[in-house]
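Visitor: got a predicted structure here, sequence first:
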Amino acid sequence: MAGAKDLLLKVFGNIAKNPGNAKFRRLRTTNAKIEANIVQVNGAMTLLRAVGFVDDANESEWIEWTAPDAERNAT
């Protein structure tokens, strides 16, 4: 569980620091670290969805954080 918390905090921190960078807004759910520390941890995916992550319509192995344009363009 500590691994999940640390990774989620890192994901959220990266988005907060770089909201306009798509690299930080997308997670590959098949990545070993993401799968072990988020996908397989009870409640972690629910949390990501609650804060705005959605399935990528074009690539099923990705989830992406969506935000209003104002937040995405903030620097």
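Guide: Nice, I can see it.
Visitor: where do the strands of this structure begin and end?
Guide: Defined through DSSP state E, the strands belonging to the chain, from first to last, are 26-28, 53-55, 62-65.
Visitor: any idea which of those strands is most buried?
Guide: Most buried of these by mean neighbour count (mean count of other C-beta atoms under 10 Å) is strand 62-65; its value is a mean of 19. (C-beta placed from N, C-alpha, C; glycine too.)
Visitor: need the residues that contact it.
Guide: 15, 22, 25-29, 48, 51-56 (C-beta atoms under 8 Å, 6 or more residues apart in numbering).
Visitor: now do 7 Å
Guide: Identification of contacts with strand 62-65 by C-beta atoms under 7 Å, 6 or more residues apart in numbering yields Ile15, Arg25, Arg26, Leu27, Arg28, Thr29, Leu48, Gly52, Phe53, Val54, Asp55, Asp56.
Visitor: pull up the pairing partners for that strand, direction included.
Guide: Paired strands of strand 62-65, with direction, are strand 26-28 (antiparallel), strand 53-55 (antiparallel) (DSSP bridges).
Visitor: could you dump the contacts of strand 62-65 to JSON lines with pLDDT and distance to Thr66?
Guide: JSON lines is the format used below for those (pLDDT from 0 to 100; distance: C-beta to C-beta, whole Å):
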{"residue": "Ile15", "pLDDT": "94", "distance to Thr66": "11"}
{"residue": "Arg25", "pLDDT": "93", "distance to Thr66": "8"}
{"residue": "Arg26", "pLDDT": "94", "distance to Thr66": "11"}
{"residue": "Leu27", "pLDDT": "96", "distance to Thr66": "13"}
{"residue": "Arg28", "pLDDT": "96", "distance to Thr66": "17"}
{"residue": "Thr29", "pLDDT": "96", "distance to Thr66": "16"}
{"residue": "Leu48", "pLDDT": "96", "distance to Thr66": "11"}
{"residue": "Gly52", "pLDDT": "93", "distance to Thr66": "5"}
{"residue": "Phe53", "pLDDT": "95", "distance to Thr66": "8"}
{"residue": "Val54", "pLDDT": "94", "distance to Thr66": "6"}
{"residue": "Asp55", "pLDDT": "91", "distance to Thr66": "11"}
{"residue": "Asp56", "pLDDT": "87", "distance to Thr66": "10"}
